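In: predicted coordinates and the sequence they were generated for:
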Number of protein chains: 2
Amino acid sequence: MPGSSHERSDAARNRQLLLDAAETLVREQGADAVTMDAVAKLAGVGKGTVFRRFGNRAGLMLALLDQSDQKMQWAYMFGPPPLGPGAPPVDRLIAFGRARLALVEVEGDVRKNAAIGGQYGGPPYNIAKTHVALLLRQAGAPGDIALTADTLLAALDAGLVLHQIRALGYTLDQVGAHWERLVRQVTARPVQ
Amino acid sequence: MPGSSHERSDAARNRQLLLDAAETLVREQGADAVTMDAVAKLAGVGKGTVFRRFGNRAGLMLALLDQSDQKMQWAYMFGPPPLGPGAPPVDRLIAFGRARLALVEVEGDVRKNAAIGGQYGGPPYNIAKTHVALLLRQAGAPGDIALTADTLLAALDAGLVLHQIRALGYTLDQVGAHWERLVRQVTARPVQ
């Protein structure tokens, strides 16, 4: 086992420093601005350190997405309502979609840059789907819960939302309002 | 202008013969079975003819998708109800989804093989979206019609539906029933 616990916590801090720098670059200049060089400069370390930590640019991008997924998961599992526990399920679903949409403009580019395919069935997809399905069940949504969760997540697909915002000219607010209506529609009890 | 009109209609017949052979291969053995060689053999022509007509395998796959898109478009624009004109808009929407789903098991593989990216905003996507939006408008669906059309088409995404069928074990019928419910949910007039 190489390294003392002190060295390991240094390494973790170092890694976090680099990820924070990368995140800042994405937020301020877009995903294309995230090069190993730019991250090293902003973090004030040598370029070799970034390569040692993440292997290559794709590795850095994946680590970035991983961190973003974990923050989001923490927020909806343990954070304050309405995203976290304590609010009615429909309100939590609405908050979930709006939180995802807020990430899309930035994260969508990162996901494109990381060239991640086959999202369905991957761990991040399944974690989000489990959460959405749970809230749908709590809200008493009719029909097949898992298929409805897939449909809701499909409406939040980064590629689709970026197309709606960039090519079709919608605002995030308009897409968010559509999401809210969709959540209410799929959770409404059918009138018999 | 090379070739007489007789020669040109011969070429068109020839092309159709090869596409029919490719379609048969996809239906019976899956998209992976569609090689230039197999298509030539089934159509009873030399391999060179297939290459002359379509350039390469990707070109053949694209021509196949194009033909499938056009058949589907014809069916919903001019074919018999409920897919074609003459049925109530909600019934036509339901029929549209079920018709697309019936194609997915075969076509989904072809689309994967043709490695088509960036579907949003491409002509086939936009033609389908225009149709779905028209029916949503006729049905008096509330909210933003274009965003709702995107959501409905996202629920029919070939990659998603193949995942539901192959990885999750749903039947086409179950996915079709989910589609029908979704259509009724997004077209229902809100109770005030």
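Out: All right, it came through fine.
In: show me the contacts for the nearest residue to residue A:17 once chain neighbours are set aside.
Out: Taking C-beta to C-beta, 6 or more residues apart in numbering or on different chains, and ignoring the residues beside it in sequence, residue A:17 has residue A:43 as its nearest neighbour in space, at 5.3 Å. Every residue, glycine included, has its C-beta placed from N, CA and C. By C-beta atoms under 8 Å, 6 or more residues apart in numbering or on different chains, the contact list for residue A:43 reads A:17, A:18, A:20, A:21, A:50.
In: isn't the fourth one right next to residue A:42, touching?
Out: What it means is residue A:21. Yes: contact criterion C-beta atoms under 8 Å: residue A:21 and residue A:42 qualify, at 4.2 Å.
In: up against chain B, what does chain A have?
Out: A:118, A:120-121, A:142-144, A:146-148, A:150-151, A:154-155, A:157, A:159-160, A:163-164, A:167-168, A:170, A:174-175, A:177-178, A:181-182, A:185-186, A:188, A:191 (C-beta under 8 Å from any C-beta of the partner chain).
In: show me chain A divided up by domain.
Out: Domains of chain A are assigned by automatic domain parsing as A:1-55, A:65-187.
In: please identify the most buried of those.
Out: Highest mean neighbour count among the domains of chain A (mean count of other C-beta atoms under 10 Å in any protein chain shown): domain A:65-187, with a mean of 18.
In: in chain A, where is pLDDT below threshold?
Out: Within chain A, the stretches with pLDDT under 70 are A:1-4, A:7, A:112-118, A:191-192.
In: give me that answer again for 90
Out: Within chain A, the segments meeting pLDDT under 90 span A:1-14, A:26-32, A:58, A:61-62, A:64-70, A:102-125, A:157-159, A:162, A:189-192.
In: nearest spatial neighbour of the residue nearest to the spatial centre of it, skipping sequence neighbours?
Out: For chain A, the residue sitting closest to the mean C-alpha position, by C-alpha atoms, centre = their mean, is residue A:69 at 4.5 Å. Excluding its sequence neighbours, the residue lying closest to residue A:69 (C-beta to C-beta, 6+ apart) is residue A:124, at 4.8 Å.
In: so that neighbour sits right up against residue A:67, yeah?
Out: No: Residue A:124 is not in contact with residue A:67 according to C-beta under 8 Å; the separation is 11.6 Å.
In: and the gap between residue A:106 and residue A:30?
Out: 8 Å (C-beta to C-beta, to the nearest Å).
In: so for these two, which residues contact both of them?
Out: With C-beta under 8 Å, 6+ apart, residue A:106 and residue A:30 have no common neighbours.
In: next up, the contacts around residue A:129.
Out: Taking C-beta under 8 Å, 6+ apart as the test, what residue A:129 contacts is A:146, A:149, A:150, A:153.
In: repeat for residue A:72
Out: Applying C-beta under 8 Å, 6+ apart, the residues contacting residue A:72 are A:99, A:100, A:103.
In: can you tell me the element the second one falls in?
Out: Just to be clear, that refers to residue A:100. helix A:89-114 (DSSP states H and E).
In: what packs against that helix?
Out: Contacts defined by 3 or more C-beta pairs under 8 Å, 6 or more residues apart in numbering or on different chains; DSSP states H and E place helix A:89-114 against helix A:5-29, helix A:57-78, helix A:123-138, helix A:145-155, helix A:158-162, helix A:172-187.
In: correct me, but residue A:39 touches residue A:60?
Out: Yes: using C-beta under 8 Å, residue A:39 is in contact with residue A:60, at 6.8 Å.
In: show residues contacting stretch A:78-94.
Out: A:75-77, A:95-96, A:99, A:132, A:135-136, A:138-139, A:152, A:179-180, A:183-184, A:187.
In: can you give me the end-to-end span of that stretch?
Out: 17 Å (C-alpha to C-alpha, to the nearest Å).
In: sorry, back to before: of the helices and strands packed on helix A:89-114, which approaches residue B:35 most closely?
Out: Ranking the helices and strands packed on helix A:89-114 by their distance to residue B:35 (criterion: C-beta to C-beta) puts helix A:158-162 first, at 30.5 Å.
In: which helices and strands does the closest one pack with?
Out: helix A:89-114.
In: who's in contact with residue A:77?
Out: Neighbouring residues of residue A:77 by C-beta under 8 Å, 6+ apart: A:84, A:85, A:131.
In: distance check, the first one against residue A:134.
Out: Yep, that's residue A:84 we're talking about. Distance from residue A:84 to residue A:134, by C-beta to C-beta: 13 Å.
In: and for residue A:89?
Out: According to C-beta to C-beta, residue A:89 and residue A:134 sit 8 Å apart.
In: equivalent analysis for residue A:12, please.
Out: Residue A:12 is 31 Å from residue A:134, by C-beta to C-beta.
In: kindly report the same for residue A:26.
Out: Relative to residue A:134, and taking C-beta to C-beta, residue A:26 is found at 30 Å.
In: find residues that contact each of residue A:89 and residue A:134.
Out: Looking at what touches both residue A:89 and residue A:134 (by C-beta under 8 Å, 6+ apart), there is no common residue.
In: and residue A:24, how close does it get to chain B?
Out: 29 Å (C-beta to the nearest C-beta, to the nearest Å).
In: wait, residue A:145
Out: Residue A:145 is 10 Å from chain B, by C-beta to the nearest C-beta.
In: contact partners for that residue?
Out: Neighbours of residue A:145 in contact, by C-beta under 8 Å, 6+ apart: A:133, A:136, A:137.
In: among these, which one lies nearest to residue B:56?
Out: For these, the nearest to residue B:56 is residue A:133 (42.8 Å; C-beta to C-beta).
In: this completes my enquiry, with thanks.
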